[in-house]
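Asker: The following block contains a protein sequence and its predicted model.
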Amino acid sequence: MRHSPLVVSNMSVAYQKKPVLRNVTFEAPEGKLIGIVGPNGAGKSTLIKAALGLIPRLAGDVTIYGKPYKDQRMLVGYVPQRESVDWDFPTNALDVVMMGRYGHLGWFKRPGTEEKRIALECLAKVGMTDYADRQISQLSGGQQQRIFLARALAQDAQLYFMDEPFVGVDAATEKAIITLLGELKRQGKTVLVVHHDLATVKEYFDWVMLLNVHIIEFGPTETVFTKPNLQRTYGGKLTILDRDDEPILIQSR
């Protein structure tokens, strides 16, 4: 029996006794690009961090291919929000990407020629080969994001979590990310992406989760990403301009 990449059951999280996620239950299908969408404070980033055990859960279970995350770390890649990273750490782009190989090496084996080859290959896939020796503090925001994507690629995971990878990036980086997501999908990987630009949801994602403390809807984008569901998710915080009853532009009030 083949297990699903990610199963979350009755997961709840609170910060200082305030519920941030309540009874979140879902099963992520294999080989899909999944957008996680909702208003500010809806718990989108919290969902990823709680699933990975980076923050404590009040309740609930999470399994990755049928086992707890601690037993399946090798199968999981994580791209955090760019602002959560210490970019002043004295290291270059190539070394950051090679960090993605450490799980394959074990604690005491140093990365060698093969790890460097893989890291350079991943840098090439995100268009950053020429920046391999550049200190990460000297890179632009978009370039830093691409380096972290390359690190996740180098890990060669089966399940990826990406927390707002499109925020604050230039058009070239956004295109590089989309190309990368397409490649991961072709390889049969499962990718969950916290995303804020509702205008691109239909273009980018096969499935979508509408989240506001609890899951409003979760499923194929064409059936879930509808005007009534968006209004349920965002309440009165949105103006929806539509054409032929299809949401095309959403603006915060």
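Answerer: Cool, got the structure. Numbering: from 1, shown residues only.

Asker: quick one, helices of the stretch 151-253 of the chain?
Answerer: 171-186, 201-204, 221-224, 227-234 (DSSP state H, counting those that start in this stretch).

Asker: any chance of those helices in CSV, plus mean neighbour count?
Answerer: Every C-beta, even on glycine, is put in place using the N, C-alpha and C of the backbone. Compiled in CSV, the helices of the stretch 151-253 of the chain are given as follows (neighbours: other C-beta atoms under 10 Å):
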stretch, mean neighbour count
helix 171-186, 16
helix 201-204, 16
helix 221-224, 16
helix 227-234, 17
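
Asker: Using TSV, lay out those helices together with mean pLDDT and distance to D61.
Answerer: Shown next, in TSV, are the helices of the stretch 151-253 of the chain (pLDDT from 0 to 100; distance: least, C-beta to C-beta, whole Å):
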stretch	mean pLDDT	distance to D61
helix 171-186	89	26
helix 201-204	94	28
helix 221-224	96	24
helix 227-234	92	25
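
Asker: Please, which helix or strand holds A124?
Answerer: Assessed by DSSP states H and E, A124 sits inside helix 113-125.

Asker: what helices or strands is that helix leaning on?
Answerer: Here helix 113-125 touches helix 93-98, helix 141-155, going by 3 or more C-beta pairs under 8 Å, 6 or more residues apart in numbering; DSSP states H and E.

Asker: Residue ranges in this protein under the pLDDT threshold?
Answerer: Where the chain drops to pLDDT under 70, the residues are 1, 84, 102-112, 236-253.

Asker: hang on, isn't G60 packed against V7?
Answerer: No - contact status for G60 versus V7: not in contact, 10.6 Å apart, counting by C-beta atoms under 8 Å.

Asker: which residues sit against the helix holding A124?
Answerer: 93-94, 97-98, 100-101, 104-105, 111, 129, 131-132, 147, 150-151, 153-154, 180, 183 (C-beta atoms under 8 Å, 6 or more residues apart in numbering).

Asker: Return the set of buried residues in it.
Answerer: By neighbour count with 16 or more other C-beta atoms under 10 Å, helix 113-125 contains the buried residues E115, K116, I118, A119, L120, C122, L123, K125.

Asker: Output these as a markdown table; include the columns distance to G35.
Answerer: A markdown table is the format used below for the buried residues of helix 113-125 (distance: C-beta to C-beta, whole Å):
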| residue | distance to G35 |
| --- | --- |
| E115 | 32 |
| K116 | 34 |
| I118 | 28 |
| A119 | 28 |
| L120 | 30 |
| C122 | 23 |
| L123 | 26 |
| K125 | 22 |
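
Asker: out of those residues, which one sits closest to T200?
Answerer: Nearest to T200 out of the buried residues of helix 113-125 is K125 (C-beta to C-beta; 21.2 Å).

Asker: what sits against E30?
Answerer: By C-beta under 8 Å, 6+ apart, the contact set of E30 is S4, P5, G188, T190.

Asker: for those residues, which one is nearest T173?
Answerer: Among those, and counting by C-beta to C-beta, the member closest to T173 is T190, at 22.6 Å.

Asker: my read: the closest one touches Y160, true?
Answerer: Yes - counting by C-beta under 8 Å, Y160 is a contact partner of T190 at 7.2 Å.

Asker: what sits up against stretch 144-153?
Answerer: Contacts for stretch 144-153 (C-beta under 8 Å, 6+ apart): 77-80, 82, 85, 87, 93, 96-97, 99-100, 119, 122-123, 125-128, 131, 136, 139, 160, 162, 165, 169, 173, 176-177, 180.

Asker: try 6 Å this time
Answerer: With C-beta atoms under 6 Å, 6 or more residues apart in numbering as the test, stretch 144-153 has contacts from 77, 79, 82, 93, 96-97, 99-100, 122-123, 126, 128, 169, 173, 176, 180.

Asker: before we move on, what about stretch 59-66?
Answerer: H3, L6, V7, V8, S9, N10, M11, S12, A51, Q72.
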